[in-house]
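Engineer: I'll drop the sequence and a predicted model, then ask my questions.
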Amino acid sequence: MKTELLSSGMYIGGQWIYKEETIPVLNPQDNSFIASVPQASAKDMQFAIEEAKEGAKIAAQMPVHQRISILNKAANYISERKEKYAETIALEGSKTIREARAEVSRCIQTLQISAEEARRIEGETISFDQREGSEDRVGYYYRFPIGIIAAITPFNDPLNLVAHKVGPAIASGNAIIVKPATETPLSALLLAKAFEESGLPPKVLSVITGYGREIGDILVTHPAVRMVSFTGGLETGEKIANKAGLKKISMELGSNSPVIVLKDADIQEAVNATVSGAFYAVGQNCLGVQRIYIEKEIYEEFCSSFVARTRLYQVGNKMLETTDMGPMINEKEAIRVERWVNEAVYKGATLLTGGKREGAFYFPTVLTNVPADCTIAQQEVFGPVVLLYPVDDFTSAIEKSNDVNFGLQAGIFTKDIEKAFEAIEKLNVGGIMINDSSDYRIDSMPFGGVKGSGLGREGVKYTIQEMTEPRVVSFKLKYKKTI
Ligand code: NAP
């Protein structure tokens, strides 16, 4: 399979810029070279910010019908080249070609939803006369773009998570500078190409490639940048939040999501959903199922069925239609996961299946009896490992689910509507899936977490709210005094 890349330049202010200093993009499966991208410097970032200052003025002036038309054209452009986009995602990242196609479809939808939401950026009238002395006032508020947005994105959804920031930014009349993950910059550059071909005025969007630790600070701390929209790990998110200063911050961070399976659940349905939720994208998924709490009466049956299904997974060449799971993003990450599993086993955990590594490939792994003080019991594993726990009852499952510093999404399998409602109230997370795993999302729902899982919400309409500010207008009218 051969993917011809449109460009390995970076896109700043409407120009494709090449540099002598480059960063190689490697296929994590075999470390083969795919393309190189420029290694941007602080000066390049400064240039991108200067261009975005003009871009913000242009974006704010763009009529809504033009924003809608550009977003729909970009969605169509990608739609006509779906396979090329999917191959790029699969080659540079760790998704299989089937998973990559699903991401492209979602990206197209994200842009289409952005086009629809552009026409719904509305305000409200305000009843000023509720305060004595304000009887002569009428007014309203409406929403204005905030200016320049910095978007910093992770490797695991290299196209759609970029679209989740670029689509709403364009819909709401902002300029945006994207700093994609260094491991997977090509999908973001292809998204820029789609917007260039769709008539987005130059300077509204830049995609700048380079190491976050080298060019991140200047972007995040610059006073002209009015919002930092970050998706990535907790540690990086905290560093950025501490540096950003007085500007809007949106933090979409990680988790170690729990799923509760009660004894009245449909066990097979729960197994199918949780196996898929644990191992989708090699477990490198912010919504991935990491901890499953199973009522003790069905624990043995659940475990054996879960392990049997896990063993069916085909691990291998991600470009093959028959492959269920590809490599992790790099060997270093696979070694980290191996270390965390070995630590758990050393401390007394039981390995039911997996625990094997070959280069960047880590095989789907199921652990039980994991002591609470293990790294893997508390931190986000972000790899294909799942922990199964028997629990005495519902109350204990809720307590254990909440007993971590994350709270993105959770799932519960039960037929008991009372228990489902109690779980909704008591699980401290941003989203709860009843009779499904934590790994469910559509691109228009409010999405985000609590505690170490983040701040703010994405999901096009909600992102637009974060990217705009209300401005209040009050008219003082003389004739009203006389009424
Ligand atoms: P990461 O290591 O935190 O990197 C994310 C982005 O931050 C990359 O573009 C990275 O650039 C950049 N960065 C690193 N240091 C920086 C700095 N000092 N200043 C500015 N930018 C900096 O995360 P990752 O490994 O790519 O992604 C995995 C994490 O993302 C997981 O924790 C996952 O749960 C989370 N995630 C959350 C969501 C959500 O919506 N809640 C969705 C997907 C993923 P370089 O690549 O150049 O280092």
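Structural biologist: Good, I have the coordinates. Residues are numbered from 1 along each chain as shown.
Engineer: C-alpha from now on. contacts and neighbour counts both.
Structural biologist: Will do.
Engineer: wait, what's in contact with Tyr77?
Structural biologist: By CA atoms under 8 Å, 6 or more residues apart in numbering, Tyr77 lies in contact with Ala194, Glu197, Ser198.
Engineer: what mean pLDDT does the helix or strand where it lies have?
Structural biologist: Taking DSSP states H and E as the definition, Tyr77 sits inside helix 64-80. For helix 64-80, mean pLDDT is 98.
Engineer: Quick one: distance of that helix to the chain centre.
Structural biologist: Relative to its chain's centre, helix 64-80 lies at 22 Å (CA atoms, centre = their mean, to the nearest Å).
Engineer: Heading C-terminal from it, find the next helix or strand.
Structural biologist: Next helix or strand after helix 64-80 toward the C-terminus (DSSP H and E): helix 82-92.
Engineer: Also compute the angle for that next one relative to helix 64-80, please.
Structural biologist: For helix 82-92 against helix 64-80, the angle by axes from the mean of the first three to the mean of the last three CA atoms, to 10 degrees is 70 degrees.
Engineer: which bits of the chain sit near the ligand?
Structural biologist: Proximity of the chain to the ligand, by CA under 6 Å from any ligand atom, involves residues 152-155, 179-183, 210-213, 216-217, 231-233, 236, 240, 252-255, 285-286, 448.
Engineer: what's in contact with the helix or strand of the chain with the lowest mean pLDDT?
Structural biologist: Here the helix or strand of the chain ranked lowest by mean pLDDT, DSSP states H and E is helix 478-481, holding a mean of 88. Residues outside helix 478-481 that contact it (CA under 8 Å, 6+ apart): Glu135, Asp136, Arg137.
Engineer: Now secondary structure and pLDDT too, for those, in CSV please.
Structural biologist: Formatted as CSV, the contacts of helix 478-481 follow (DSSP: H, G, I helix; E, B strand; the rest coil; pLDDT from 0 to 100):
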residue, secondary structure, pLDDT
Glu135, coil, 95
Asp136, coil, 96
Arg137, strand, 97
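Engineer: And those, which is closest to the ligand?
Structural biologist: Arg137 (42.6 Å; CA to the nearest ligand atom).
Engineer: Could you count how many residues lie near that closest one?
Structural biologist: If you count neighbours by other CA atoms under 10 Å, Arg137 ends up with 18.
Engineer: pretty sure it is in contact with Phe475, am I right?
Structural biologist: Yes: contact criterion CA atoms under 8 Å: Arg137 and Phe475 qualify, at 5.5 Å.
Engineer: okay, now whichever residue of the stretch 251-400 of the chain sits closest to the ligand: neighbour count?
Structural biologist: Residue nearest to the ligand within the stretch 251-400 of the chain (CA to the nearest ligand atom): Gly254, separated by 3.0 Å. Neighbour count of Gly254, defined by other CA under 10 Å: 29.
Engineer: give me every residue that touches the residue nearest to Val391 when sequence neighbours are not counted.
Structural biologist: Among residues not flanking Val391 along the chain, Glu295 sits closest, at 4.9 Å (CA to CA, 6 or more residues apart in numbering). Counting by CA under 8 Å, 6+ apart, Glu295 touches Val261, Leu262, Lys263, Pro390, Val391, Asp392, Asp393, Phe394.
Engineer: let's see it at 7 Å
Structural biologist: Val261, Leu262, Lys263, Pro390, Val391, Asp392, Asp393 (CA atoms under 7 Å, 6 or more residues apart in numbering).
Engineer: Spit out the contact partners of Val104.
Structural biologist: Lys82, Tyr85, Ala86.
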